[in-house]
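Undergrad: Kindly generate the corresponding structure for this input.
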Amino acid sequence: MLTFRDVRGAAALTFLLVLTGCGVQRHGLIVATAPATSRPASEAGEMPGIPPNLPSAIVVTASSAPPGAFTAAQLEDALLTLADLAPGWTVGTSATNSTGQAPTGCGPLDRINTWPMTKVVIGFVAGDGASQLVEGVGTMPEPDAEEFLRVARSVVGTCHTVTLQATGGHTISLDLSAPPVARMGDDSYGIRMASPGGISFDTVMIRRGGLVVSTLALSRTPGTLLAPFTRQAWAKADSKLR
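TA: Model (predicted):
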């Protein structure tokens, strides 16, 4: 069974589709250390080994990113914050931020993971350490955003599984599927990456013109956390970015 200890060494999954890029500039709410859980994992019932380097508010801009309709500051202002979430969540931290992810071997997925756009990202971790939520807000020309969603739709049909290197040197395989998602904006689509009986990474992408809002939930209960988080993230971004 895949555990959070496994995904500690597979950060590409944790931040799938929302924060990878060719260059990283720290911006905004970077803090120094990861928040500590209030109880040991064995007492809190959490899955051990949760990655400690969730992003805080950062700007990730590929050097080849074409100009979008919004500035990085506008995008950051549209992100959800702790004040928008229910009690019990903390902001993820990032002392260092990755400048890219290793290729997965899945062509469309690798293309998505290096898509040139200006985007901001924030991550949240549950108080018991058992779940993570990530939001990314990106801007690019509308034709590029349309292509982004088109390529995302080709991931599941092209790649039925993805195998990545995990902690300890062994590999983990995740099954890919496309769960139904509510229609929002001009277009919306979801991808699920799951290990049988283990952890699920659910991602939703929503496009309005050249604006793309991506949300991700990492948990053992697919769908339960992501749907309300996505609706909230989209409502705020859609209202702020006009």
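Undergrad: Low-confidence stretches in this protein?
TA: In the predicted model, the chain carries pLDDT under 70 at residues 1-54, 93-102, 165-168.
Undergrad: Which helix runs longest in it?
TA: Selection of the longest helix in the chain by residue count, based on DSSP state H, yields helix 142-158.
Undergrad: which helices and strands sit right next to that one?
TA: Judged by 3 or more CB pairs under 8 Å, 6 or more residues apart in numbering; DSSP states H and E, the packing partners of helix 142-158 are helix 107-113, strand 171-177, strand 187-194, strand 200-208, strand 211-219. The way it works is simple: take the backbone N, C-alpha and C, and place the C-beta from them, glycine included.
Undergrad: Can you give me the neighbour number for residue 130?
TA: By other CB atoms under 10 Å, 19 other residues sit near residue 130.
Undergrad: My guess is it contacts residue 221. True?
TA: No - applying CB atoms under 8 Å, one finds residue 130 not in contact with residue 221, separated by 9.4 Å.
Undergrad: related to what we said a few turns ago, please produce a markdown table containing the helices and strands packed on helix 142-158, extended by distance to residue 145 and mean neighbour count.
TA: A markdown table is the format used below for the helices and strands packed on helix 142-158 (distance: least, CB to CB, whole Å; neighbours: other CB atoms under 10 Å):
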| stretch | distance to residue 145 | mean neighbour count |
| --- | --- | --- |
| helix 107-113 | 12 | 19 |
| strand 171-177 | 22 | 16 |
| strand 187-194 | 9 | 20 |
| strand 200-208 | 5 | 25 |
| strand 211-219 | 5 | 26 |
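Undergrad: how much space between residue 224 and residue 80?
TA: 18 Å (CB to CB, to the nearest Å).
Undergrad: More neighbours: these two, which one.
TA: residue 80 (19 against 14).
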